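[1] I would like the atomic coordinates for the input below:
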Amino acid sequence: MFLGPNEPHAYLLGNCIECMACSDNVVRAGLTPKFKDVPTLCEMLNYDPAPPTSKIFPSTIDTKDEFVTKYTPPVPDFAVDKIEVVGKVDYTVTAFDSANILLVIEGDADAKYKQPFKIHRGSVIFISANQSLSLTCQSDKLLIFRAYCPLF
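    As a prediction, this is how the structure comes out:
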């Protein structure tokens, strides 16, 4: 799903991976203990009606890596990959021309990026541009989401 600037959203049920471009304009209207600015929010919102299906963009399987599903929104700022490795196998997270942020949702693995370390559910890993991450999966399934800037 892709929501452009000034389009409100809320999570009602389930889990969500949210990736957004740099912004200093988060305006809240409720359901948070943080500062709320309802008048500003009402003034800035996009009120153009659109069916929910217009917000969905298709994912694609990476032709070079069967474990990767790509979510490339209609903006150049960012993209997200779902990396779902099945089996206790060795796997390499591909190097990109931009930095990456990885979020481990499920599974465990031994990792090597400059030095060995372990990853598990909740781990967040920063990978510099043009660097890869070597993994040895220790569980039957490893689910990771990767956010990056698609410079290619």
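
[2] residues contacting Asp59?
    No, residue 59 isn't Asp; it's Ser. Ser59 makes contact with 69-71, 82 under the criterion CB atoms under 8 Å, 6 or more residues apart in numbering. Where C-beta positions appear, they are placed from N, C-alpha and C, glycine not excepted.

[3] brain fart, Leu41
    Leu41 touches 8, 27-29, counting by CB under 8 Å, 6+ apart.

[4] if we go to 10 Å?
    Going by CB atoms under 10 Å, 6 or more residues apart in numbering, Leu41 touches 6, 8, 26-30.

[5] is it in a helix, a strand, or coil?
    At Leu41 the chain is in helix, as set by DSSP: H, G, I helix; E, B strand; the rest coil.

[6] need the pLDDT of Thr53.
    Here the pLDDT value assigned to Thr53 is 89.

[7] what sits against the residue in the chain sticking out farthest from the centre?
    In the chain, Pro39 marks the outermost C-alpha relative to the chain mean, sitting 30.5 Å out by CA atoms, centre = their mean. Contact partners of Pro39, counting by CB under 10 Å, 6+ apart, are 27, 29.

[8] and the gap between it and Pro33?
    19 Å (CB to CB, to the nearest Å).

[9] one step back: now, the most widely separated pair of the contacts of Ser59?
    Distance extremes for the contacts of Ser59: the farthest pair is Lys70 and Lys82 at 8.1 Å, using CB to CB.

[10] okay, helices next: where are they in the protein?
    Ranges of helices in the chain, per DSSP state H, are 38-44.

[11] skipping adjacent residues, who's closest to Leu31 in space?
    Ala10 (7.3 Å; CB to CB, 6 or more residues apart in numbering).

[12] that neighbour: neighbour count?
    7 (other CB atoms under 10 Å).

[13] so it makes contact with Gly30?
    Yes: the pair Ala10 / Gly30 is scored as a contact, 9.2 Å apart, by CB atoms under 10 Å.
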